[in-house]
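Student: Compute the structure for the input listed below.
(chains A and B)
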Amino acid sequence: MLLRHTTAKEIDRKALTINPAKTCQPVGAMYAALGIHGCLPHSHGSQGCCSYHRSALSRHFREPIMAGTSSFSEGSSVFGGSANLVSAIDTMFTVYNPEVIAVHTTCLSETIGDDLVQIVSKANEDGLIPQGKQVIYCNTPSYVGTHITGYSNQVAAMVKFFSTATPKKRNVINLVAGWMEPSDMGEIKRLASVMEARTIMFPDMTGVLDTPLDGHYKMYPDGGTTIADLKLTGDSKFTLGFGPMSTEDACIKLENKCKVKFEMLDIPIGFKATDRFLMSLSRHANLPIPDSLSDERGRLIDLISDSAKYLYGKRVALWGDPDTLVPLTEFLVSLDMKPVYIVTGTPSKYFEERMPEILKDIPEAKFMNGELADMFRMHQWIKQEGVDLLIGNTYGKYIARDENTPFVRFGFPIADRPGHNYFAKVGYNGGANLVKQILDAFLDHIDRTCLEEKVEFQL
Amino acid sequence: MAKTLIEDLELGKFVEEVSEAYPKKVAKKRMKSMVVNDPDSIPEIQANVRTIPGIITQRGCTYAGCKGVVLGPTRDIINITHGPIGCGFYSWLTRRNQTRADKPEMENFIPYSFSTDMHDSNIVFGGEEKLKQAIREAYELFKPKGIAIFSTCPVGLIGDDVHRVARHMKEELPGVNIFGFSCEGYRGVSQSAGHHIANNGLYKNLIGNNDNYVRKNKYAINVLGEYNIGGDAFVIEDLFEKIGVDIVATMSGNSTLEQFETAHTADFSLVMCHRSINYVAEMLETSFGIPWAKANFIGAEATAKTLRKVGQYFGDQELIDRIEAVIAEEMIPVKAAIEKAKAKTEGKTAMLFVGGSRAHHYQELFTELGMEILVAGYEFGHRDDYEGRRVIPSIKVDADSRNIEEITVYPDPTRFKPRKTEEELAQLKEAFDIEFNDYKGIMKDMKKGTLVVDDLSHHEMEKLIEKYKPDVFCAGIKEKYVVQKMGIPMKQLHNYDNGGPYAAFEGAINFYKDIEMIACSTIFKQMKAPWELEEVLEAEYVFN
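Tutor: Numbering: from 1, shown residues only, chains lettered A, B, ... in the order given. Got it, this is the predicted structure:
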């Protein structure tokens, strides 16, 4: 057994997190910053943070992840990291020539109280920021919130530094992407374009973290939201935010700054959340939903109905981030499955408010968020009463093997399978992809483990 | 390219060219870390100095070196990260240190991540109480023999004393060995500081605690600086089983608390990764009289040489005969595998940038395949890893090294027992050219005219590949996909691209096959679509 020390017996833990269902803020800020075209993220802290975040994102996306670090020494930790950041800004603009540097902090620079406003303005006064280039920044102390908070802070910084309201309003809808895959962002943009809506998505990792292999390395790939578009978000007529934990702050700031009203949506996982997205876009862009999208929806419903018997009543354990867990749980319920154990290390009112309503007909469901809502606890619940399916990041494979339970990879990080950045899980087509993955996991399991005489040609 | 003499490449010119893009001060500093090699008159290289902020380095931090590298691979100690959640999360199963606890009742905590998950209130009011409680909970749940505490950046800054907590909890939980490491990420200039801190901690808290090692064989050694990536330590263990020599402790692949505690009962220490473990090797020598020698199990010839060293050290003809028999037997499939792979790899070129020893060790394997190393360097090496330990007295101790505790050890009053007299060691050196307590460094083994670069930056890497287009580039995960986007095959030498084991004879064969596969892989020939290759079509587009 891999997790041989995990037993069903829970104790009243207060301090020890075991196998977390979250990580720290800066990696979220780094990921979000990669969604700006021509942006070089910068980690203001020790080298290890930057190295860990780049490694984690590289393993997950199998794409180059570039970022700078302030390379703190003991001296800078005592006397402040101002000189390090100023010199980093100079080195990066000189050597790597980005359009924008997006600085985020770490627990180290936050604990010593480095003031980014002051440091960046010093770099500016010293003439180290070339004409037309920009340094943006956000505070991402690792001891507050999680990777989702860091993502949210970076997206909010995009609004703070770029969104500008001019008298000229444009018939454009802003799409603020929560933490999801580039494939998901691409699918949301495709659905909007099928409706012929004019949109600006930010951040936008399509074309950044799913780039072609053609023999040329581009430090700044073709994708990402351009600075010009980020500025224009202030003139858009409405904003849709996907996932409140990762985008609501940005949406509020944009409304306050540029008077662009917004609606907070779930990330469109499953047909219900996708229905709400399309109806909302239709309403705010004043465009009809074309028949082709009704057909896409119908195909998903068809796929589900064809295989409903394999899904009905199946107990599922899932872990990840509130913004994806809420619509995913809703989708599983709409497949007549039973999401019984759900954990996220990210503390979330959204999760607390939505889960009881989604799970109202599944009284046995246990769900927990925030501190100590970790994978060890979820595994203990599984030891108490097993599940039929696991859905979550790669760390679930250890539980899946020990408990001989089918497993679908979803979330961050997925370090042991490719393709999640290519094949969407949002929208109707993404829903079909997800249902197919769930069915493949179930049916492969049946085919491998059932009695020989029970092996069926047709399933 | 493959047939060009290395010296014709004029790699010295590259140093100037690549530095042109840097701000003046940066260029001046970087140029000292890029040196054209001459094995007969080894030049000085700048190493183990601070990375310039913003340079885009591949280096990590002290915590990564201490918890991630040295202590991480141990399977029966609960490693608690004291800090916000990130550090514990990123060091969770991300290195491929394989562990095998043969029986179900044996401990194996490797698939677990333990953290105090510090929040802002802990930063403001201190985290010692939370750490104590976390240790209590770890004990209640798992009843481990040992608990280690690893400090992350904020811990040192807010003044949490992990050593005090460890002492306190040791009293509260008698029988459990609890100890802390002040391995905050900002100490030192790279992972290397963490190795040193880990070595000190091993010596202070574990080594020498248990004299009751029961030998299976007449001779017993330690294998130091072997972390069992991809199962390397397993094949080394098998090899020593075959020749009939005990391995008391492997530090630290698949290791246990007991192995650390009994390491001082061995007769000889072999050092694989010099950078990360040389301090322990030295301390075992000084305190207990166990000599060490640099070993290399990467490459078949290197493995044979290392095994022979062990035979010569013990000077036992029966052992020597067994070793020769094993080498003769193992070399048969090795030679066949080399011949097969060499047909595809001969004359090809490689560049290696990893670790504090790997960039050296792996040159053996490439040489066996008839490949040429153009450029190599370490991420976190010191001058002695490049130029040899002879330069240690002349290394200037700067502020970053000074704040790493340097522990002075003395011969153990009762247990210091030189395994060999000075005369015996001198004779062995004379007769077999065994260097005791010494490492000659990477530069001695690299050809004249090759380039040696310490702490290679992203910019330098890009330019090296653009200009010299090696047939394979070796580094880690952060470089992996950059290199491959440029159409150059990339071999990770930290995690072996999930290959391995690469150690010893069996591992060498695996490596030959993997490099042959890289040399024969056709996908990089498909980077252009057929229509992009047809000039006629392009002309039509121009017309439009």
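
Student: In chain B, what residue lies closest to chain A?
Tutor: Nearest residue of chain B to chain A: residue B:61, at 2.5 Å (Cβ to the nearest Cβ). To be clear about C-beta, it is placed using only N, CA and C from the backbone, and glycine gets the same treatment.

Student: residues near that residue, how many?
Tutor: Using other Cβ atoms under 10 Å in any protein chain shown, residue B:61 has 34 neighbouring residues.

Student: For it, which non-adjacent residue is spatially closest?
Tutor: residue A:48 (2.5 Å; Cβ to Cβ, 6 or more residues apart in numbering or on different chains).

Student: Might you report the residue contacts of the one you found?
Tutor: B:60, B:61, B:62, B:63, B:64, B:87, B:185 (Cβ atoms under 8 Å, 6 or more residues apart in numbering or on different chains).

Student: what's the burial count for residue B:95?
Tutor: Residue B:95 - counted by other Cβ under 10 Å - has 17 other residues nearby.

Student: Secondary structure element holding it?
Tutor: Assigned by DSSP states H and E, residue B:95 belongs to no helix or strand.

Student: just checking, it touches residue B:69?
Tutor: Yes - at 7.4 Å, residue B:95 and residue B:69 qualify as touching, with contact defined as Cβ atoms under 8 Å.

Student: Overlap in contacts, these two.
Tutor: residue B:227.

Student: Count the neighbours of the residue of the stretch 351-459 of chain A found nearest chain B for me.
Tutor: Across the stretch 351-459 of chain A, no residue is closer to chain B than residue A:398, which sits at 5.0 Å (Cβ to the nearest Cβ). If you count neighbours by other Cβ under 10 Å, residue A:398 ends up with 21.

Student: And what about the closest residue to it other than its chain neighbours, helix, strand or coil?
Tutor: Nearest non-adjacent residue to residue A:398, counting by Cβ to Cβ, 6+ apart: residue A:2, 4.5 Å away. Secondary structure, DSSP: H, G, I helix; E, B strand; the rest coil: residue A:2 is coil.

Student: What is the neighbour count of residue A:2?
Tutor: 16.

Student: which residues touch it?
Tutor: So residue A:2 contacts A:398, A:401, A:402, B:108, B:111 (Cβ under 8 Å, 6+ apart).

Student: give me that answer again for 10 Å
Tutor: For residue A:2, the contact set (Cβ atoms under 10 Å, 6 or more residues apart in numbering or on different chains) comprises A:397, A:398, A:399, A:400, A:401, A:402, B:99, B:108, B:110, B:111, B:112.

Student: So, low pLDDT: which residues of the chain?
Tutor: In the absence of a named chain, this looks at chain A. Counting by pLDDT under 70, chain A has no low-confidence residues at all.

Student: meant chain B, my bad for not saying
Tutor: B:1-4, B:535-544.

Student: 50 instead, please
Tutor: B:1-3, B:539, B:544 (pLDDT under 50).

Student: Okay, strands next: where are they in it?
Tutor: B:34-36, B:77-82, B:114-115, B:146-151, B:177-181, B:220-226, B:246-252, B:268-271, B:292-294, B:349-353, B:372-377, B:451-453, B:472-475, B:490-492 (DSSP state E).

Student: send the alpha carbons of the fourth one over as CSV?
Tutor: Spelled out, that is strand B:146-151. Output of strand B:146-151 as CSV, limited to C-alpha atoms (Å, rounded to 0.1, in the frame of the first residue of the first chain):
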residue,chain,number,x,y,z
GLY,B,146,11.7,10.2,14.1
ILE,B,147,10.2,13.6,13.2
ALA,B,148,12.2,16.3,11.4
ILE,B,149,11.2,20.0,11.2
PHE,B,150,12.1,22.1,8.2
SER,B,151,12.1,25.9,8.4
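
Student: Break down the stretch 1-150 of chain B into its helices, ranges please.
Tutor: B:11-19, B:24-31, B:62-63, B:85-90, B:120-125, B:128-142 (DSSP state H, counting those that start in this stretch).

Student: Redo the ones you listed as JSON lines? Include distance to residue B:320.
Tutor: Converted to JSON lines, the helices of the stretch 1-150 of chain B look like this (distance: least, Cβ to Cβ, whole Å):
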{"stretch": "helix B:11-19", "distance to residue B:320": "42"}
{"stretch": "helix B:24-31", "distance to residue B:320": "48"}
{"stretch": "helix B:62-63", "distance to residue B:320": "43"}
{"stretch": "helix B:85-90", "distance to residue B:320": "46"}
{"stretch": "helix B:120-125", "distance to residue B:320": "59"}
{"stretch": "helix B:128-142", "distance to residue B:320": "45"}
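
Student: Among those helices, show me which one is buried the most.
Tutor: Counting by mean count of other Cβ atoms under 10 Å in any protein chain shown, helix B:62-63 has the highest mean neighbour count of these, with a mean of 34.

Student: ok, residues contacting stretch A:434-449?
Tutor: A:269-270, A:300, A:303-304, A:306-307, A:310-311, A:314, A:316, A:328, A:331-332, A:335, A:337, A:388-391, A:400, A:404-410, A:423-426, A:454-456, A:459.

Student: Name the SS class of residue A:263, please.
Tutor: Residue A:263 ends up strand, using three-state DSSP.

Student: picking up where we left off before, do you know which of the helices of the stretch 1-150 of chain B lies nearest residue B:216?
Tutor: Among those, the nearest to residue B:216 by Cβ to Cβ is helix B:128-142 (29.5 Å).

Student: for the closest one, packing partners?
Tutor: strand A:17-18, strand B:77-82, strand B:114-115, helix B:120-125, strand B:146-151, helix B:153-158, helix B:162-172, strand B:177-181 (3 or more Cβ pairs under 10 Å, 6 or more residues apart in numbering or on different chains; DSSP states H and E).

Student: The helix or strand following the first one vs chain B: in contact?
Tutor: So that's strand A:17-18. Using DSSP H and E, the helix or strand that follows strand A:17-18 in sequence is helix A:25-33. Yes - with Cβ under 10 Å from any Cβ of the partner chain as the criterion, chain B is reached by helix A:25-33 at A:25, A:26, A:27.

Student: Lovely, talk soon.
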